[in-house]
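> Let's see this in three dimensions:
(2 chains)
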Amino acid sequence: MAAASNSTSGDAASPPGGAARIPDDAELFRRIAVGDQAAFRALVDRHGRYLFGVARSLSRSSADAEDLVQETLVGLLNAASAGRFRGESSVRTYLVSILVRQAGMLRRRATRRQEEPDAGEPATTGSAQAGVEARLDLHVMLGALSLEHRQVMVLRELEGLSYQEIARALDVPRGTVESRLHRARATLREKFGGYFDDKDAGHV
Amino acid sequence: MCDREQLIDAYHDGELTRDERAAVEAHLTSCADCRDALSAARHTSRLFAGATLPELPAGAVGRMYGAWAVGIRSARDRAVLRIASWLTAAAAAVLVAGLIGLRNAPEPRGGNLAWDAPVNEAPVEATTAPELVQVAQWQAEDLSR
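Modelled structure (predicted):
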């Protein structure tokens, strides 16, 4: 994801020369845990757009996506004040894991209220051009998939989690992760095959 | 469509053991379907890596900042609950201490346990401890409302 490089090295050492240091995510998180609002805002500045982008690709509307981000950030603050997050993943990955779980919970709640199931959005933007690197909106790509498939694709393709980590984040068996990923990719291949360049066609 | 295509995804994701990888690579040399599946998986990953994100709606960052106030409120609520459960635990401790006090109190004539004794001969602890428990209980209930 070009717009959101993962800036979460655990390096908290001061740079030589004592120049003003930009705190990394882990340090921001530690400050948030002791009630530093400015640190929270800095974390939002750093990851807000990415979180919204992922949320948008898991939601029906921009407003739903904002609600999802809101719940995710509150979840992070709760985890910070309860000392639940111990830096086993990057802060960004932790945020996305909360977000993806929240999306599942919101959907279950909506289904209980018997709303329309999430239909996703038709892929209408962009066009396939041979030889040109195709760029698609994340939510256009994920809009072709069911919520379960979007969840695994976000955690695998954007956050690079292992199958085991995805299974834990979603509380499903590893085999389920494997089959969902496979079916999600098959669907994407069907819908977006025209965007594939042929850089490695036939190459093992 | 080859029935090993799911394995191709696991191969692409680096989820196989060394032996499994070798088996998949041998299979790929003879199965065009699986070669296509691998190529598609690689293309898909590249599409995700280059995907664009939507612009933030106007005012969205300000609304995200607003999560702070909500988070602080729920943290405060949890702190109150923690104090309430601590008080309940303290009340239980007082109760236990009271009972131990009763057991260790000078045994009334002929009785086995303090509460078997006639009321007017009961040791002092027997009347004070339950009152303390009750007060702590009220405090706990009040706080957890």
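
> What does the pLDDT read for A:Asp24?
A:Asp24 carries a pLDDT value of 90.

> tell me the secondary structure for A:Gly35?
Assigned with DSSP: H, G, I helix; E, B strand; the rest coil, A:Gly35 falls in the coil class.

> Next up, identify which helix or strand the spatially most central residue of chain B is on.
Centroid-nearest residue in chain B: B:Arg78, 12.9 Å away (criterion: C-alpha atoms, centre = their mean). Secondary-structure assignment from DSSP states H and E places B:Arg78 in helix B:67-104.

> Could you confirm whether any residue of that helix contacts chain A?
Yes. Against chain A, helix B:67-104 shows contacts by C-beta under 8 Å from any C-beta of the partner chain at B:67-68, B:70-72, B:74-75, B:78. Yep, even glycine has a C-beta here, placed from its N, CA and C like the rest.

> Buried ones in that helix, by neighbour count?
Neighbour-count burial for helix B:67-104 flags B:67-68, B:71-72, B:75, B:84, B:87-88, B:91, B:94-95, B:98-99, B:101-102 (criterion: 16 or more other C-beta atoms under 10 Å in any protein chain shown).

> Residues contacting stretch B:47-62, please?
A:1-4, A:44-45, A:48-50, A:52-53, A:56, A:62, A:66, A:69, A:133-139, A:141, A:153, A:157-158, A:188, A:192, A:195-196 (C-beta atoms under 8 Å, 6 or more residues apart in numbering or on different chains).

> just stretch A:74-93 next, same as before
A:4, A:6-8, A:10, A:25-26, A:28-29, A:32-33, A:40, A:43, A:47, A:50, A:94-95, A:97-98, A:102, A:159, A:161, A:165, B:67-68, B:70-72, B:74-75, B:78.

> Check what pLDDT residue 58 gets.
You didn't say which chain, so I picked chain A. If you check A:Leu58, the pLDDT there is 93.

> Chain B, not that one
pLDDT, read off for B:Ala58, is 93.

> Show me where the chain dips below the pLDDT cut-off.
Picked chain A for this. Regions of chain A meeting the criterion pLDDT under 70 cover residues A:1-19, A:113-134, A:197-204.

> ah, no, chain B please
Within chain B, the stretches with pLDDT under 70 are B:106-145.

> Sounds good, over and out.
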